[in-house]
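S.K.: Below are the sequence and a predicted model; questions follow.
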Amino acid sequence: METTFHSPAGSHAVIAWIFIITGILAVAFALFFLLIIKYSFFKGLGIVLLATGIFQIVQGCYSLSIPANLHHQAVGNFTWSLPAIALSGGLLMRLSSHHFWKGMGLGMVIQGCLSFALLMLHAGEL
């Protein structure tokens, strides 16, 4: 069977590469925020972007290394923790008065929602 964008193996690879690219972008922004801007809000945002960017790169590389028919099992183990991360980030933004924690909360909301959407695409549920 030929691997195309519309085949399960092809779409699996495309989503994995999207994970890798968004992870690289998140790490690049994190390094920019942490090393160049250095304001408290952006330090909090940068820490979350760095951690989740590394997670996305590792998840994308892992997804490329497993067969397409096993990706549902690999993704299903931690998919539903991501909305909890986004919600806790929103609470952190709302309840905190310090800019560092507000930045960290914003990063959790952005990356939790983005990672969840990508994992749902990867699992074929969106």
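M.R.: That came through fine.
S.K.: Can you give me the neighbour number for K102?
M.R.: A count of neighbours around K102, defined by other Cβ atoms under 10 Å, yields 20. All C-beta atoms are positioned from the backbone trio N, CA, C, and that covers glycine.
S.K.: Provide a list of residues in contact with G46.
M.R.: Residues counted as contacts of G46 (Cβ atoms under 8 Å, 6 or more residues apart in numbering) are F29, A30, L31, F32, F33, L34, G103, G107.
S.K.: of these, closest to A13?
M.R.: Looking at the contacts of G46 and their distance to A13, the nearest is F29, at 24.8 Å (Cβ to Cβ).
S.K.: what sits against that closest one?
M.R.: With contacts defined as Cβ under 8 Å, 6+ apart, the neighbours of F29 are G46, L49, G53.
S.K.: of those, closest to Q59?
M.R.: G53 (10.7 Å).
S.K.: any chance you could map the helices in the protein?
M.R.: Assigned by DSSP state H, the chain shows helices spanning 8-32, 40-65, 71-76, 81-95, 99-123.
S.K.: what's the closest non-adjacent residue to M108?
M.R.: Spatial nearest neighbour of M108, excluding adjacent residues (Cβ to Cβ, 6 or more residues apart in numbering): G89 at 2.6 Å.
S.K.: burial of the one you found, as a residue count?
M.R.: By other Cβ under 10 Å, the residues close to G89 number 23.
S.K.: pLDDT value on it, please?
M.R.: In the predicted model, G89 carries a pLDDT score of 93.
S.K.: quick one: it and L114 touch, right?
M.R.: No - using Cβ atoms under 8 Å, G89 is not in contact with L114, being 11.8 Å away.
S.K.: which other residues reach stretch 13-28?
M.R.: Outside stretch 13-28, the residues within contact range by Cβ under 8 Å, 6+ apart are 3, 5, 49-50, 52-61, 63-64, 68, 111, 114, 118, 121-122.
S.K.: if we can go back for a sec, what residues are up against the residue nearest to M108?
M.R.: V48, M104, G105, L106, G107, M108, V109, G112.
S.K.: Between which two of those is the distance greatest?
M.R.: M104 and G112 (11.8 Å).
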